[in-house]
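Peer 1: here is a sequence together with a model predicted from it:
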Amino acid sequence: MGGDQLHIGGERAAAFRELVDDLDPRRVLLVGIDVAKASWFVLGCDLYGNVVIDGTKVAADRAGLGQLAGLLGQARARVGAQLVVVGVEAAGHYHQTLAAHLADRDDLLLRLINPAAVAAVRKTQLNRRRKTDWLDAAAICDLLVRGEGSRFLLGDDPATALRPLWSGRKDLVDARTRLRLQVLALVDCLWPGLTAHDTALGVRPVLRNLFTTKAGRILLGLLAQDWSPERIATHDTARLKALFARHGCQLKVTVAARILTRARESLRPHPAATAGKPVLLAALLATLETLDRQVAELEVEMAGLLPHTEGAKLTQIDGIGTVAASGFVAFVGSARRWGTGRRCGVAPGWTRPAPSPDPPT
């Protein structure tokens, strides 16, 4: 960290110390809440770490929210709290409703705590293999004492809106990857060797990618229509180019020749291995087309929100696109606490080096 850093704990720790400098440490109430689907475990302490709320579990329902408010009120009165800081572990989506209710209150500061930070604190306390509600809540309080925790963003904040979009896209991409593997398994039966790759034998895939190239998608469509390698092999280069042109693809002569060569040399598909597979392939391709469209729509939404966040300029860094920048903003949060992008895993000062000049002739 640079010499102008205000606190060894970073900007957040410095801001917290500035907030509590003039307060009595015994009158600063720090509350850690370990969140689960069915319950919330509440532990409270003062700035010295003295326990004020000794580990209480409440149900995650309407009555539980009222009980939590009662616990906070009683603890506030007991220590005469001048400041109340509540830390909630950001546990997937479980914390969101509780955090939103707490954010509605103007008598406390709400901070979200990274689960990895909670685990790290347990590890330093030699409790890495012991995970209990009390230890987790105590770790949250320990982090609050240090001034850790990030601001809770409301649901209409662009950075917050990016999170479900990014997560939804990831789920769709994962599903698409699994379906593509199923498609390739069918292709291996319908056209043995089409995607084979063995450098030692000099065998390469006919096309770079069946799913992302136009020629590849056309080949998949032909196989789904019960075309066999033998049928394709009956074409010459001109006829094959004309066939692909009718589907909107200008096939290069070299690629056409490569397809024809592989079709003529490939192992003949066996009827027992291909029965019913073209129909199944057609269904999978239709599903993949839907997934591709949904992924693209989510990426458009992400691209519209990203410029309104702190990650607006991340895409100017070579190698970082909309998806990576959106994920960074949604899950890492503000990068300002690192001071420079290099400390948070990106380096805004780095640019691709210019190509070397041609040697003199």
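Peer 2: Perfect, thanks for sending it. Numbering: from 1, shown residues only.

Peer 1: what about residue 107, which SS state?
Peer 2: Classification of residue 107 by DSSP: H, G, I helix; E, B strand; the rest coil places it in coil.

Peer 1: what helix or strand is the closest residue to it other than its chain neighbours on?
Peer 2: In space, and not counting its chain neighbours, residue 107 is closest to residue 84: 6.7 Å by C-beta to C-beta, 6 or more residues apart in numbering. To be clear about C-beta, it is placed using only N, CA and C from the backbone, and glycine gets the same treatment. Applying DSSP states H and E as the criterion places residue 84 in strand 83-89.

Peer 1: show residues contacting that strand.
Peer 2: If you take C-beta atoms under 8 Å, 6 or more residues apart in numbering as the criterion, strand 83-89 is touched by 19-20, 23, 27-35, 72, 76, 95, 98-99, 102, 107-113, 115, 118, 136, 140-141, 143-144, 149, 152.

Peer 1: list the buried residues in the helix or strand in which residue 67 is found.
Peer 2: Here residue 67, judged by DSSP H and E, is contained in helix 62-79. Under the neighbour-count criterion of 16 or more other C-beta atoms under 10 Å, helix 62-79 has 64, 65, 67, 68, 71, 72, 75, 76, 79 buried.

Peer 1: with stretch 267-277 instead?
Peer 2: Buried-residue list, stretch 267-277, by 16+ other C-beta under 10 Å: 269, 274, 277.

Peer 1: report how many residues lie close to the closest residue to residue 280 other than its chain neighbours.
Peer 2: Leaving out its chain neighbours, the residue that sits closest to residue 280 by C-beta to C-beta, 6+ apart is residue 186, at 6.3 Å. Number of residues near residue 186 (other C-beta atoms under 10 Å) recorded here: 20.

Peer 1: dump the residue contacts of residue 186.
Peer 2: Counted by C-beta under 8 Å, 6+ apart, residue 186 has contacts 223, 277, 280, 281, 284.

Peer 1: contacts only, for the last one.
Peer 2: The reference is to residue 284. 179, 182, 183, 186 are the contacts of residue 284 under C-beta under 8 Å, 6+ apart.

Peer 1: give me the mean pLDDT for the helix or strand hosting it.
Peer 2: Using DSSP H and E, residue 284 sits within helix 277-305. If you average the pLDDT over helix 277-305, you get 96.

Peer 1: how about stretch 186-201?
Peer 2: Mean predicted confidence for stretch 186-201 is 93.

Peer 1: cool, stretch 15-24 as well?
Peer 2: On average, stretch 15-24 scores 88.

Peer 1: just how off-centre is that stretch within its chain?
Peer 2: Relative to its parent chain, stretch 15-24 has a centroid offset of 35 Å by C-alpha atoms, centre = their mean, to the nearest Å.

Peer 1: what does it contact?
Peer 2: If you take C-beta under 8 Å, 6+ apart as the criterion, stretch 15-24 is touched by 7, 28, 47, 82, 83, 146, 147.

Peer 1: so which of those residues belong to strands?
Peer 2: Counting by DSSP state E, the part of the contacts of stretch 15-24 found in strands is 28, 83.

Peer 1: can you tell me which two in the contacts of stretch 15-24 are farthest apart?
Peer 2: 7 and 82 (20.9 Å; C-beta to C-beta).

Peer 1: residue 245: what's it in contact with?
Peer 2: Each residue near residue 245 by C-beta under 8 Å, 6+ apart is listed here: residue 251.

Peer 1: look up phi and psi at it.
Peer 2: Here is the backbone geometry of residue 245 (degrees, to the nearest 10): phi -60, psi -30.

Peer 1: what does residue 36 give?
Peer 2: The phi and psi torsions at residue 36 (degrees, to the nearest 10) take the values phi -130, psi 180.

Peer 1: is it in contact with residue 64, as I believe?
Peer 2: No: judged on C-beta atoms under 8 Å, residue 36 makes no contact with residue 64 at a distance of 11.4 Å.

Peer 1: same list (the contacts of residue 284) but as CSV, adding distance to residue 329.
Peer 2: Shown next, in CSV, are the contacts of residue 284 (distance: C-beta to C-beta, whole Å):
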residue, distance to residue 329
179, 29
182, 33
183, 33
186, 39
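
Peer 1: residue 300: which of these is nearest?
Peer 2: Nearest member of those to residue 300, counting by C-beta to C-beta, is residue 179, at 21.9 Å.
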